[in-house]
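**Student:** could you work out the structure for the sequence below:
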Amino acid sequence: MKLHKTAVLAAAMLAGGLALADINVGVTVSATGPAASLGIPEKNTVALMPKTIAGQKVNYIVLDDASDTTAAVTNTRKLITESKVDVVLGSSTTPNSLAMIDVVSEAKVPMISMAASARIVEPVDAKKAWVFKTPQNDSMMSQAIADHMAANGIKTVAFIGFSDAYGEGYYQEFNKAAAAKNLQFVANERYARTDTSVTGQILKIMAAKPDAVLIVGSGTPAALPQKALKERGFAAKIYQSHGVANNDFLRVGGKDVEGTILPAGPVLVADQLPDSNPVKKSALAYIAAYEAAHGKGSVSTFGAHAWDTGLLLAAAIPEALKKAQPGTAEFRSALRDSIESIKGMPGAHGIFTMSKTDHLGLDNNGRVIVRIENGTWKYVP
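**Tutor:** Residues are numbered from 1 along each chain as shown. Reported below is the predicted structural model:
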């Protein structure tokens, strides 16, 4: 009966020459501030997203939250109340994304984050039922780091990370992975994204004489501890998180980041992957689209997270349109349900299969190990 009513409504609208309202997509990214190296490629990628999906015009309203949590919340409220968006994409960082959850859940507007922490989508409770994300969980990447450390004879580890939700969440996940591999922590330090010196923290780490250091930051601020370690002659292995997987980090880090090991999304080294890799084709498709607009070598993993939000929307919107008209609460609810029902969708960073309990939907095909060699990214099989 419901299907019949939908068909009758659609037929009546077509006969009367009416069209559905535009689909409004709200976006808040960190295009300025400490996380700008994440937000800029994300903003650039949004400009490449389709302007029509399933025959419906799609409008993208893009705001800059300047890497600030309060601004991210303000942007989200503005997009929902003033622009009447059907979905929110963003933000670029974990603290911003976590702060936005209350706003979208209260308004019952689906949100797809471009930030890493598993806490953004786990557990899927009444609030997080409205929230999805595209970057790999910190738990996935922590496991990859711990596996690599154990396989390479590392026994003791020093940790230094952001003094915010990203750093703390990653520490908690890596702590579990490290314990399973019998890795011992000898130092645990923090610093702010806006700090210009980490001398005190690095002196403590050097005194602990670890076999390896794991630095957990994102964008260019993640280079600060590594440069400080190198200045003091630290010669052991250095690992970073997937928050540094872009060319700005290579530029700022220079020779000091040579030899760094990190987990990353497959798009970072897509051309080096074997043809049998199930993500290679979709990752190369994003690279081709981005580099056509911004030049060879311009692509970053962070822009690819934005691309995957667009792919999720392109897959979910046609189904939602069968149930309701854009601009309505019914459409927003149908869109949420459609995103949650996506199965086996190839993205730039992996194959997405969502469920009622998994609002990321990536498996281990969404991660690879990478080493920095001669100022470039090298795939480590």
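**Student:** and stretch 89-101, how far out from the chain's middle?
**Tutor:** 10 Å (C-alpha atoms, centre = their mean, to the nearest Å).
**Student:** report the mean per-residue pLDDT for it.
**Tutor:** What stretch 89-101 shows for mean pLDDT is 97.
**Student:** excluding its backbone neighbours, what's nearest Thr301?
**Tutor:** Ala245 (4.2 Å; C-beta to C-beta, 6 or more residues apart in numbering). Heads up, the C-betas are built off the backbone N, CA and C, glycines and all.
**Student:** just checking, the one you found touches Leu268?
**Tutor:** Yes - contact criterion C-beta atoms under 8 Å: Ala245 and Leu268 qualify, at 5.1 Å.
**Student:** what touches both of the two?
**Tutor:** Counting by C-beta atoms under 8 Å, 6 or more residues apart in numbering, the shared contacts of Ala245 and Leu268 are Thr301, Val370, Trp377.
**Student:** between those residues, which is nearest Ala235?
**Tutor:** Val370 (20.8 Å; C-beta to C-beta).
**Student:** tell me the secondary structure for that closest one?
**Tutor:** Secondary structure assignment for Val370 (DSSP: H, G, I helix; E, B strand; the rest coil): strand.
**Student:** give me the beta-bridge partners of it?
**Tutor:** Leu262, Tyr379 (DSSP bridges).
**Student:** SS state for Tyr60?
**Tutor:** With three-state DSSP as the criterion, Tyr60 reads strand.
**Student:** OK, contacts around it?
**Tutor:** Contacts of Tyr60 (C-beta under 8 Å, 6+ apart): Val25, Val27, Val46, Ala47, Met49.
**Student:** give me the buried subset of the shared contacts of Ala245 and Leu268.
**Tutor:** Among the shared contacts of Ala245 and Leu268, those classed as buried by 16 or more other C-beta atoms under 10 Å are Thr301, Val370, Trp377.
**Student:** and the residue nearest to Thr301, how many residues sit next to it?
**Tutor:** 24 (other C-beta atoms under 10 Å).
**Student:** can you check the one 4 residues further on too?
**Tutor:** When counting by other C-beta under 10 Å, one arrives at 25 neighbours for Phe249.
**Student:** and the contacts of Tyr60, which are buried?
**Tutor:** For the contacts of Tyr60, buried by 16+ other C-beta under 10 Å: Val25, Val27, Val46, Met49.
**Student:** what's the most distant pair in those?
**Tutor:** Across these (C-beta to C-beta), the longest gap, 9.4 Å, separates Val27 and Met49.
**Student:** so for the shared contacts of Ala245 and Leu268, which is the shakiest by pLDDT?
**Tutor:** Among those, Thr301 has the lowest pLDDT, at 92.
**Student:** my read: it touches Pro263, true?
**Tutor:** No - taking C-beta under 8 Å as the definition, Thr301 is not a contact partner of Pro263, at 10.8 Å.
**Student:** need the overlap of contacts for these two.
**Tutor:** Common neighbours of Thr301 and Pro263 (C-beta under 8 Å, 6+ apart) are His242.
**Student:** find the nearest non-adjacent residue to Val103, please.
**Tutor:** Here the residue nearest Val103, using C-beta to C-beta, 6+ apart, is Thr76, at 4.6 Å.
**Student:** closest to Phe132 out of the shared contacts of Ala245 and Leu268?
**Tutor:** Thr301 (18.1 Å).
**Student:** residues in contact with the closest one?
**Tutor:** His242, Ala245, Asn246, Ala264, Gly265, Val267, Leu268, His349.
**Student:** cool, Ala316 as well?
**Tutor:** Leu335, Ser338, Ile339, Ser341, Ile342.
**Student:** relative to Met149, how far out is the closest residue in space to it that isn't next to it in sequence?
**Tutor:** For Ala316, ignoring the flanking residues on the chain, the nearest one in space by C-beta to C-beta, 6+ apart is Ser338 at 3.7 Å. Per C-beta to C-beta, to the nearest Å, Ser338 is found 40 Å from Met149.
**Student:** the stretch 51-200 of the chain: helices as residue ranges?
**Tutor:** Ranges of helices within the stretch 51-200 of the chain are 69-81, 94-107, 138-151, 165-180, 199-208, based on DSSP state H, counting those that start in this stretch.
**Student:** name the residues of the second one that are buried.
**Tutor:** Think helix 94-107. Neighbour-count burial for helix 94-107 [16+ other C-beta under 10 Å]: Thr94, Pro95, Asn96, Ser97, Leu98, Ala99, Met100, Ile101, Val103, Val104, Ser105, Ala107.
**Student:** run through who's touching that helix.
**Tutor:** So helix 94-107 is contacted by 28, 30, 65, 67-70, 72-73, 76-77, 80, 88, 90-91, 110-111, 113-117, 119-120, 126-131, 133, 164-166, 169 (C-beta under 8 Å, 6+ apart).
**Student:** just the ones of those residues in strands?
**Tutor:** Among those, DSSP state E puts Thr28, Val88, Gly90, Met111, Ser113, Val131, Lys133 in strands.
**Student:** and those residues, which is closest to Gly327?
**Tutor:** Val88 (14.6 Å).
**Student:** residues contacting the closest one?
**Tutor:** For Val88, counting by C-beta under 8 Å, 6+ apart, the contacting residues are 25-28, 76, 79-80, 100, 104, 109-112.
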